[in-house]
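Asks: pasted the sequence and its predicted model underneath.
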Amino acid sequence: MDNHVKEDELRGPISLYDARRKNQMFKFVAATAFTLFFSRLTSRTLSSLKYKPKLFDFNAPPSTQSYNGEAGKALFLSSGITTGIFSMAITGFAWVFDVSTLPEFNATMRNLFGNRTLIEDPNEQLPMDDDTAQVVQEFTNIFKK
């Protein structure tokens, strides 16, 4: 009896896995490009605000430019960099640990922190006590109306 799996039978699941990993990689690369774009934009903005004295100029002259709108620019740039860094962290974690859904993330974090209980079906409902079942039934009756 031949227990080997034929290559054609594996081609479907393997190609789905490869597509999933490639999708995770592209999300991480896009988040990295977003972060690099905002980092470069911030660097340019800060370098344009610096005062560069000429040979016989004072080191700290009075300001010749108006700083109106600088708070808005700073908020925009810092929000962009923060969003980029957090999206890089999330997509990088998803890529490294092969996580695509919240139940997978939950199981991965449980395994990472030492709780080795495996969740068979994340949609499976846990048994409820009588009080909880009564509250759920009341909410169900309210929303059916």
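Replies: Happy to help now that I have it.
Asks: the helices in the protein, which residues?
Replies: 7-49, 70-96, 102-112, 130-144 (DSSP state H).
Asks: mean neighbour count for these - can I get that in a markdown table?
Replies: For every residue, glycine as well, the C-beta is placed using N, CA and C. Output for the helices of the chain, formatted as a markdown table (neighbours: other CB atoms under 10 Å):
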| stretch | mean neighbour count |
| --- | --- |
| helix 7-49 | 13 |
| helix 70-96 | 14 |
| helix 102-112 | 13 |
| helix 130-144 | 9 |
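Asks: so which of the ones you listed gets nearest Ala60?
Replies: Evaluated over the helices of the chain, closeness to Ala60 peaks at helix 7-49, with 14.0 Å, by CB to CB.
Asks: check contacts around the residue lying farthest from the centre of the chain.
Replies: Most distant from the centre of the chain: Phe56, at 50.6 Å, with distances by CA atoms, centre = their mean. Phe56 makes no contacts at all, as judged by CB atoms under 8 Å, 6 or more residues apart in numbering.
Asks: and the pLDDT at it?
Replies: The score at Phe56 is 78. That number is its pLDDT.
Asks: can you pull the phi/psi pair for it?
Replies: Backbone torsions of Phe56, given as degrees, to the nearest 10, read phi -110, psi 20.
Asks: okay, the helices of the chain in a markdown table with distance to Ala60 and mean pLDDT next?
Replies: A markdown table is the format used below for the helices of the chain (distance: least, CB to CB, whole Å; pLDDT from 0 to 100):
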| stretch | distance to Ala60 | mean pLDDT |
| --- | --- | --- |
| helix 7-49 | 14 | 85 |
| helix 70-96 | 18 | 93 |
| helix 102-112 | 52 | 84 |
| helix 130-144 | 66 | 85 |
